[in-house]
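Visitor: Next come a sequence and a model predicted from it.
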Amino acid sequence: EAQVTQNPRYLITVTGKKLTVTCSQNMNHEYMSWYRQDPGLGLRQIYYSMNVEVTDKGDVPEGYKVSRKEKRNFPLILESPSPNQTSLYFCASSLSRLPGRGAFFGQGTRLTVV
Amino acid sequence: GESVGLHLPTLSVQEGDNSIINCAYSNSASDYFIWYKQESGKGPQFIIDIRSNMDKRQGQRVTVLLNKTVKHLSLQIAATQPGDSAVYFCAENDRNRDDKIIFGKGTRLHILP
């Protein structure tokens, strides 16, 4: 089954404690991206990757890092989480740059930073 | 800045009736539009897309209409079912920025029994 898998689904952490949210896809997609979803703001892109070892900033990259060492994995790293990073995070993969037809989103990771 | 928006935050529709969800955009350079469905506790799911060289596109029970003159996009769902309950949001792509998608905030569709 084609899918994007994120872990964990829920995470509560304290300010400043480094964390990583993993994302894996089994469709051999080149393009992967991370979004955060906040009430009243819609989805906003954090980072994206067009292929292995190629990553670029999205609209809200501050406070986040990513890596793309393998095609299937695209982890999101918060080196020093802060309460304003409390949000619902989605990873997505697609064949092209645009998350349109053929794009898949993960189930989401709800992060709370206290 | 330019943004995608939605007219109604919540829409209640009787089961079996047709639903129409609207979306306005302001960027005249947008040439690709997508509708997503997001069920509670799940990630967004692609429904249908349309390019600016088209006015209408149909899928299974869904139709997207694009009016470029007034920069308006709509999603029509025929014979609405309980499984259609979700948040629906549109997204646009600027032809000059082929790596950038702007998402709307969403409309919650509530199905009345």
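Guide: All right, it came through fine.
Visitor: Regarding chain A, what is its longest strand?
Guide: strand A:42-51 (DSSP state E).
Visitor: need the residues of chain A near chain B, please.
Guide: Contacts of chain A with chain B, taken as C-beta under 8 Å from any C-beta of the partner chain, map to A:4, A:40-45, A:48, A:50, A:56, A:59, A:90, A:92, A:97-103, A:105-108. To be clear about C-beta, it is placed using only N, CA and C from the backbone, and glycine gets the same treatment.
Visitor: same thing but 6 Å
Guide: Counting by C-beta under 6 Å from any C-beta of the partner chain, the positions of chain A adjacent to chain B are A:42-43, A:90, A:97-101, A:103, A:105-108.
Visitor: what two of these are the furthest from one another?
Guide: A:97 and A:107 (22.7 Å; C-beta to C-beta).
Visitor: Nearest to chain B among the residues of chain A next to chain B?
Guide: residue A:105 (3.2 Å; C-beta to the nearest C-beta).
Visitor: Could you pull up the contacting residues of the nearest residue to that closest one once chain neighbours are set aside?
Guide: Distance criterion C-beta to C-beta, 6 or more residues apart in numbering or on different chains; nearest residue to residue A:105, sequence neighbours excluded, is residue B:43 at 3.2 Å. Going by C-beta atoms under 6 Å, 6 or more residues apart in numbering or on different chains, residue B:43 touches A:90, A:105, A:106, A:107, A:108.
Visitor: Now do the strands in chain B.
Guide: B:4-5, B:10-14, B:19-25, B:30-38, B:45-51, B:56-58, B:62-67, B:72-77, B:86-94, B:101-103, B:107-112.
Visitor: swap in chain A?
Guide: A:4-7, A:10-13, A:19-25, A:31-38, A:42-51, A:54-57, A:65-66, A:76-78, A:87-94, A:104-105, A:109-113.
Visitor: Dump these to JSON lines, plus distance to residue B:37, mean pLDDT and mean neighbour count.
Guide: Formatted as JSON lines, the strands of chain A follow (distance: least, C-beta to C-beta, whole Å; pLDDT from 0 to 100; neighbours: other C-beta atoms under 10 Å in any protein chain shown):
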{"stretch": "strand A:4-7", "distance to residue B:37": "16", "mean pLDDT": "97", "mean neighbour count": "18"}
{"stretch": "strand A:10-13", "distance to residue B:37": "22", "mean pLDDT": "97", "mean neighbour count": "13"}
{"stretch": "strand A:19-25", "distance to residue B:37": "20", "mean pLDDT": "98", "mean neighbour count": "19"}
{"stretch": "strand A:31-38", "distance to residue B:37": "14", "mean pLDDT": "94", "mean neighbour count": "24"}
{"stretch": "strand A:42-51", "distance to residue B:37": "13", "mean pLDDT": "92", "mean neighbour count": "21"}
{"stretch": "strand A:54-57", "distance to residue B:37": "28", "mean pLDDT": "93", "mean neighbour count": "14"}
{"stretch": "strand A:65-66", "distance to residue B:37": "27", "mean pLDDT": "98", "mean neighbour count": "18"}
{"stretch": "strand A:76-78", "distance to residue B:37": "24", "mean pLDDT": "98", "mean neighbour count": "19"}
{"stretch": "strand A:87-94", "distance to residue B:37": "14", "mean pLDDT": "96", "mean neighbour count": "24"}
{"stretch": "strand A:104-105", "distance to residue B:37": "11", "mean pLDDT": "94", "mean neighbour count": "22"}
{"stretch": "strand A:109-113", "distance to residue B:37": "19", "mean pLDDT": "97", "mean neighbour count": "19"}
